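Engineer: Give me the fold of what follows.
(2 chains)
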Amino acid sequence: MSLKLYNDLTRKKEPFVPIVPGKVSFYSCGPTVYDYFHIGNSRPFIVFDVLRRYLESKGLEVNFVQNFTDIDDKMINRANDLGITVNELAEKTIQDYFEDADALGIRRATHYPRATEHIENIIFLVMTLIEKGHAYEIEGDVYFQVSTFPEYGKLSKQTIEELQSGARINVDERKKNPLDFALWKTHKPGEPSWESPWGKGRPGWHIECSAMSMKYLGETIDIHSGGCDLTFPHHENEIAQAEAATGKEFVRYWIHNGYLLIDKEKMSKSLGNFLTARAARLKFSPLAIRLFMLSAHYRSPINFSEETLEQAKAAVERLLNCWSDLQHARTHRDLGASEHSEQLQAIERLFDSYIEDMDDDFNTAGALGSVFEVVRLANNYLKDNLVLSLDVLEKIESFFKKIDDVMGIMGLTDNEQHEDSSEIERLISERNQARKDRNYARADQIRDELADRGIILEDTSEGTKWKIQI
RNA sequence: GGCGGCAUAGCCAAGUGGUAAGGCAGAGGACUGCAAAUCCUUUAUCCCCGGUUCGAAUCCGGGUGCCGCCUCCA
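Structural biologist: All right, here's what the predicted structure looks like:
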């Protein structure tokens, strides 16, 4: 059993075989840091975080690189609007990025290269392309000449001619071909610029990813990911730049996530129909947002709505309730050495099924099915057996820990519980004494106080359970 | 015009040849100081038409509808 990934380059599912056994080089296109990222932007961050974690769970060492685009038109315009420098804007936005990404359980990448810190690498790459006849300079601008790269269009499955016929852009008359794209842009007054062989200027957008990917991961890497709207032109151009320069294959597996829609429309800043990830995570729990993102296949469009998020939240609560019931049972039930091999085998089968789905092009929605089947198994097990097998309990707990370590939907590993459980237990005892004394006013008071702290109490036939509200 | 995706129960969503996972909501039941919460059980023949096949949601042809890329965009 091994991982298969849908490769957009071949439009087929292919067995994933890393270049270097045991290691994975993974470049994921990151944000342009001019504003908070919105919940649509967070889809690739979350799903590729999960893919990265899954690879690691298989024992692979993943070198995960995500860039920050910190110089382009949007950066310049926004900085001007705010009356700050482009660098100040970048610093502030990157800080905000980490605040939101961390809160959403997105693990830190191995490297976060920024375009402005790799100007030398970029210039060197542009020089190489000029030397090799793939690029030309006009009045301080440098363009990539697509006609010199016959494979141009191989990712978007279009020929240069087909791409031209559909072009809607206003053609810059100086370019040799409308599809030629800027590698270097000449300096304009009031814009940040760097010295280069072509005068002062700044890099084009696409070149940074090629340059930084090669710097941190090598000329040929395993995986390059991004939103499907980056397929053309961004990733097509990255391929052209890198492969024209090195003569080697740039990326083995290209993977793209589908859009997040809102009211059936693409969520985007230009349409103005966006919700920032910050607002979303404050309104819904990060765990619910993650489960929502994983509830559909990563390549399918997914519709964001109040209703779908509430559904995800309820699903997370089901997981968490099961977990807290298991913890309660551990301390309140007899743990006999009784044989429950049927359960053990069933859990193993469900874990295999989870792996099978994840291995099949990262089918998180299918994998979640197995997760919830374990929930039902666990609930039934607790319901049907007064004396529990420690083996079974540990097997179930281990299952949840493993899937949570990859999906991050239960907060078992990343969100440490900061509540003082002994304090809570003490209040619960006090409340139960009050209940025995029929002092329900005091009992309810304690329950309300804990509720204010986000602790939910549940009275059951085997005592009072507590859990944290998400 | 070119390229591509999608259509499965009230909602979300797996499933690519053998009579449809899972989640949410709903209904019934259990538990309970009322309540809440929780748990259990339960709910579909897969957009339409035609074809291939012993057998199709799953393959082929046609149709309808929705969406995306070809311009900055995750």
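Engineer: Close to RNA strand B: what parts of the stretch 351-470 of chain A are there?
Structural biologist: A:357, A:360, A:363, A:365-366, A:368-369, A:371-373, A:375-376, A:379-380, A:383, A:435, A:440, A:443-444, A:447, A:456, A:458-461 (Cβ under 7 Å from any atom of the strand). Just so you know, the C-beta spots here come from the backbone N, C-alpha and C atoms, and that holds for glycine as well.
Engineer: which secondary structure element contains the residue in the stretch 1-150 of chain A positioned nearest to RNA strand B?
Structural biologist: Distance from RNA strand B to each residue of the stretch 1-150 of chain A (Cβ to the nearest atom of the strand) is smallest for A:G40, at 2.8 Å. Using DSSP states H and E, A:G40 falls within no helix or strand.
Engineer: How many residues are close by the nearest residue to it once chain neighbours are set aside?
Structural biologist: Using Cβ to Cβ, 6 or more residues apart in numbering and skipping the chain neighbours, the partner closest in space to A:G40 is A:M267 (3.6 Å). Per other Cβ atoms under 10 Å, the neighbour tally for A:M267 reads 21.
Engineer: For A:M267, list the residues it contacts.
Structural biologist: A:H38, A:I39, A:G40, A:Y259, A:L260, A:L261, A:N273, A:F274, A:L275, A:F304 (Cβ atoms under 8 Å, 6 or more residues apart in numbering).
Engineer: swap in A:L382?
Structural biologist: Contacts for A:L382 were tallied using Cβ under 8 Å, 6+ apart; they are A:D325, A:L326, A:A329, A:L388.
Engineer: helix or strand for it, which one?
Structural biologist: helix A:364-384.
Engineer: mind checking how far whichever helix or strand comes after that helix is from the chain centre?
Structural biologist: Once helix A:364-384 ends, the next helix or strand along the chain (criterion: DSSP H and E) is strand A:387-389. Between the centre of strand A:387-389 and the centre of its chain there are 39 Å (Cα atoms, centre = their mean, to the nearest Å).
Engineer: swap in stretch A:62-76?
Structural biologist: That offset, for stretch A:62-76, works out to 15 Å (Cα atoms, centre = their mean).
Engineer: Please see if that stretch touches RNA strand B.
Structural biologist: Yes - looking at stretch A:62-76 against RNA strand B by Cβ under 7 Å from any atom of the strand, the contacts come from A:K74.
Engineer: List the buried residues of that stretch.
Structural biologist: A:62-72, A:74-76 (16 or more other Cβ atoms under 10 Å).
Engineer: give me the number of residues near the residue nearest to A:T364 when sequence neighbours are not counted?
Structural biologist: Spatial nearest neighbour of A:T364, chain neighbours left out: A:L294 (4.0 Å); criterion: Cβ to Cβ, 6+ apart. Using other Cβ under 10 Å, A:L294 has 25 other residues around it.
Engineer: Now do the strands in the stretch 1-150 of chain A.
Structural biologist: Secondary structure of the stretch 1-150 of chain A (DSSP state E, counting those that start in this stretch): strands at A:4-7, A:12-15, A:23-28, A:61-66, A:135-138, A:141-144.
Engineer: for the fifth one, packing partners?
Structural biologist: Which is strand A:135-138. With contacts taken as 3 or more Cβ pairs under 8 Å, 6 or more residues apart in numbering; DSSP states H and E, strand A:135-138 sits against helix A:119-131, strand A:141-144.
Engineer: Contact partners for whichever residue of the stretch 151-300 of chain A sits closest to RNA strand B?
Structural biologist: Closest to RNA strand B within the stretch 151-300 of chain A is A:G227: 1.7 Å, counting by Cβ to the nearest atom of the strand. Contacts of A:G227 were listed using Cβ under 8 Å, 6+ apart, and they are A:C29, A:N41, A:R43, A:P44, A:H256, A:N257, A:Y259.
Engineer: Which residues are in contact with the first one?
Structural biologist: It refers to A:C29. Here A:C29 is in contact with A:P44, A:Q66, A:N67, A:C209, A:H224, A:S225, A:G226, A:G227, A:L230, A:H234 (Cβ under 8 Å, 6+ apart).
Engineer: can you do 7 Å?
Structural biologist: A:C29 sits next to A:N67, A:C209, A:G226, A:L230 when contact means Cβ atoms under 7 Å, 6 or more residues apart in numbering.
Engineer: What of the fourth one?
Structural biologist: Contacts of A:P44 were listed using Cβ under 7 Å, 6+ apart, and they are A:S28, A:S225, A:G226, A:G227, A:N257.
Engineer: what does the second one give?
Structural biologist: Applying Cβ under 7 Å, 6+ apart, we find A:N41 in contact with A:P31, A:A277.
Engineer: correct me, but A:R290 touches A:V406?
Structural biologist: No - contact between A:R290 and A:V406 fails when scored by Cβ atoms under 7 Å: they sit 10.9 Å apart.
Engineer: The helices and strands packed on strand A:135-138: which one's closest to A:Q158?
Structural biologist: Taking Cβ to Cβ, strand A:141-144 is the member of those nearest to A:Q158, at 16.5 Å.
Engineer: other SSEs contacting the closest one?
Structural biologist: Applying 3 or more Cβ pairs under 7 Å, 6 or more residues apart in numbering; DSSP states H and E, we find strand A:141-144 packed against helix A:119-131, strand A:135-138, strand A:181-186, helix A:236-246.
Engineer: Which strands or helices does the helix ranked longest in chain A pack on?
Structural biologist: Counting residues, the longest helix found in chain A (DSSP state H) is helix A:306-332. For helix A:306-332, the packing partners by 3+ Cβ pairs under 7 Å, 6+ apart come out as helix A:286-294, helix A:364-384, helix A:390-407, strand A:463-468.
Engineer: Any residue of it touching RNA strand B?
Structural biologist: Yes - using Cβ under 7 Å from any atom of the strand, helix A:306-332 comes into contact with RNA strand B via A:E307, A:T308, A:E310, A:Q311, A:A312, A:A314, A:A315, A:E317, A:R318, A:N321, A:C322, A:D325.
Engineer: Now A:I39: closest residue in space, sequence neighbours ignored.
Structural biologist: Using Cβ to Cβ, 6+ apart, the closest residue to A:I39 is A:A280 (4.4 Å).
Engineer: what about that neighbour, neighbour count?
Structural biologist: Counted with other Cβ under 10 Å, A:A280 comes out at 22.
Engineer: before we move on, what about A:F250?
Structural biologist: When neighbours are counted by other Cβ under 10 Å, A:F250 comes out with 24.
Engineer: How about residues contacting stretch A:93-108?
Structural biologist: Residues outside stretch A:93-108 that contact it (Cβ under 7 Å, 6+ apart) are A:31, A:33-37, A:42, A:45-46, A:49, A:53, A:68, A:277-278, A:281, A:286, A:289-290, A:408, A:414.
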